[in-house]
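The sequence and its predicted three-dimensional model are supplied below.
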Amino acid sequence: MSFFSRLSKGLSKSREGLASMFPGQSTEKMSEAEWQDIEDALIMADCGAPLAMGLIEKAKKSKQPMQSLKDAMQQTLNIQTPIKQAKPFVLLVAGVNGTGKTTTIGKLAHMYAAEGKKVLVGAADTFRAAAVEQLAVWVERAGADIVKQAEGSDPASVAFDTISRGIAKDYDVIIIDTAGRVQTDTSLMNELAKVYRVMGKALAGCPHEVWHVVDGGTGQNAVAQVEKFREIIYTTGLVVTKLDGTGKGGVVLQLCDKFKLPVRYIGVGETLGDLMPFSANDYINSLLPESTTSESD
Ligand SMILES: Nc1nc2c(ncn2[C@@H]2O[C@H](COP(=O)(O)OP(=O)(O)OP(=O)(O)O)[C@@H](O)[C@H]2O)c(=O)[nH]1
Ligand SMILES: [Mg+2]
């Protein structure tokens, strides 16, 4: 199955729900109740009420409601911030428990290695020995290298070591894995702030990118997560995972609208290849039904 069809399959519940609500694409007059149903469907898909209302307001004014809804979504998702280039390129990955950080790092390591880059991953989730082992398995599959310390050691120290080694051994890409943490846990958030700070001491100006991994099925709480992490580690981009498994996925729109952070990649499965660069177009076409009239895109 292609990436797109997997994403598309994941989001099919939202799409089918919405398809049955649009009576047609063009000039048909839709009743207030019908608009309300569509707005509800967007809210059910986790777009968030204020954004859903805003999108519907725009669509209502148009003679081609479906296309206009797609255009409004495109505008929301169109955040053009290129990924910083550096050598070594240093990336910090964070997020709450179980969102898919370690899996995403495995996929990223694989992707960069396949581009011919030398990739080093730092196991700064030192909470559980199992976390380091899990990362080591991914890193080996990806054809990358790992820096680890004993269970319970200071994550900031692992990050520092990884960057130092990465510089000394001429790596192209350095990725730091961190333990999952709930954004309301102050001591764990302080620990993460320290990782971030210490990385800048190992190499001025890094981490070059900070990606917050969000589970696409999380819903409203994702907003609180991104808000808090951003204050601590200056998030530069999002990775939204498990879009193959959620029937919702509208949280992507909500996060882009609220934080103006680019979605760097999305996760659509559990294997090495199941990572795709985010495409607003593919995403929208997975979420909304095909237009039945010809469109100029
Ligand atoms: N279906 C699906 N499952 C995923 C995806 N990404 C991760 N997972 C699964 O989510 C679960 C948690 O993934 P991890 O990578 O361990 O998550 P984590 O954020 O590192 O977890 P902690 O380190 O414990 O906070 C695993 O079972 C993964 O296989 C995805 O894109 N799609
Ligand atoms: Mg992990």
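Yes, it's here. Ligands and ions are numbered 1, 2, ... in the order given.

Please identify the helix or strand for Val195.
helix 186-202 (DSSP states H and E).

And the next helix or strand after that helix, what does it pack against?
As assigned by DSSP H and E, the chain's next helix or strand after helix 186-202 is strand 209-215. Packed against strand 209-215 by the contact rule (3 or more C-beta pairs under 8 Å, 6 or more residues apart in numbering; DSSP states H and E) you find strand 89-94, helix 101-114, helix 221-233, strand 237-241. The C-beta positions use only the backbone N, C-alpha and C, and glycine is treated the same way.

just the angle between the helix holding Val195 and strand 209-215, please?
Helix 186-202 and strand 209-215 meet at an angle of 150 degrees, taking axes from the mean of the first three to the mean of the last three C-alpha atoms, to 10 degrees as the criterion.

Please see if helix 186-202 touches ligand 1.
No. Helix 186-202 is not in contact with ligand 1 by C-beta under 6 Å from any ligand atom; minimum separation 11.0 Å.

can you list the residues of the stretch 51-200 of the chain near ligand 1?
Of all the residues in the stretch 51-200 of the chain, those lying near ligand 1 are 95, 97-103, 125, 131, 179-180, going by C-beta under 6 Å from any ligand atom.

and if we set it to 8 Å?
95-106, 125, 131, 134, 177-181 (C-beta under 8 Å from any ligand atom).

filter these to the buried ones?
Listed as buried from these are 95-96, 99-106, 125, 131, 134, 177-181; burial here means 16 or more other C-beta atoms under 10 Å.

Across the sheet, point out what pairs with the closest residue in space to Pro207 that isn't next to it in sequence.
Nearest residue to Pro207 in three dimensions, chain neighbours excluded: Leu92, at 4.1 Å (C-beta to C-beta, 6 or more residues apart in numbering). With DSSP bridges applied, Leu92 shows beta-bridge pairing to Ile176, Val210.

So which bits of stretch 107-125 are buried?
So for stretch 107-125, counting by 16+ other C-beta under 10 Å, buried means 107-113, 117-125.

Return only those of these found close to ligand 2.
The subset of the buried residues of stretch 107-125 within reach of ligand 2, by C-beta under 5 Å from the ion, is empty.

Without its sequence neighbours, what residue ends up closest to Asp154?
Using C-beta to C-beta, 6+ apart, the nearest residue to Asp154 is Thr126, at 7.4 Å.

And for Ser62?
Ser68 is the one closest to Ser62 (C-beta to C-beta, 6+ apart), at 3.4 Å.

can you check Leu51 too?
Using C-beta to C-beta, 6+ apart, the nearest residue to Leu51 is Asp257, at 5.0 Å.
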